[in-house]
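[1] Whatever this is, show me its structure:
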Amino acid sequence: MDFRRMTREFLLGEAQTPSMASYIQSVSEVLQSITPRTRTDERRIEVAHANLKEVRRHMRRLQERVNVLEEQVQVLEESKE
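    Predicted coordinates:
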């Protein structure tokens, strides 16, 4: 283990930030761990799950679009040279 590198990343903030998928997974796990006390709470959790599913779907589409655009940029850069 390289403690010097780990310390530098921690102190200087050079560590990578979590991905969007990590954030979504974290929120999903929190929602699953909540036990609703009322019917209203249960409905709110169901709506939150549905919203999270939509966010996940949109994130996947955006990532696919980013990948396509990166490939197009790479092709343009190669044809430029």
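
[2] Every contact and neighbour count from this point should use C-alpha atoms.
    Noted.

[3] How about the contacts made by the most centrally placed residue in the chain?
    Nearest to the mean C-alpha position of the chain, by CA atoms, centre = their mean, lies Met20 at 1.2 Å. By CA atoms under 8 Å, 6 or more residues apart in numbering, the residues touching Met20 are Met59.

[4] mind checking how far it is from Leu62?
    11 Å (CA to CA, to the nearest Å).

[5] could you point out the longest helix in the protein?
    helix 39-80 (DSSP state H).

[6] Which elements pack onto that one?
    helix 20-33 (3 or more CA pairs under 8 Å, 6 or more residues apart in numbering; DSSP states H and E).

[7] I'd like the distance from the helix it packs on to the chain centre, please.
    9 Å (CA atoms, centre = their mean, to the nearest Å).

[8] Check stretch 60-79 too.
    With CA atoms, centre = their mean, you get 19 Å for stretch 60-79.

[9] residues making contact with it?
    Contacts for stretch 60-79 (CA under 8 Å, 6+ apart): none.

[10] No further questions, thank you.
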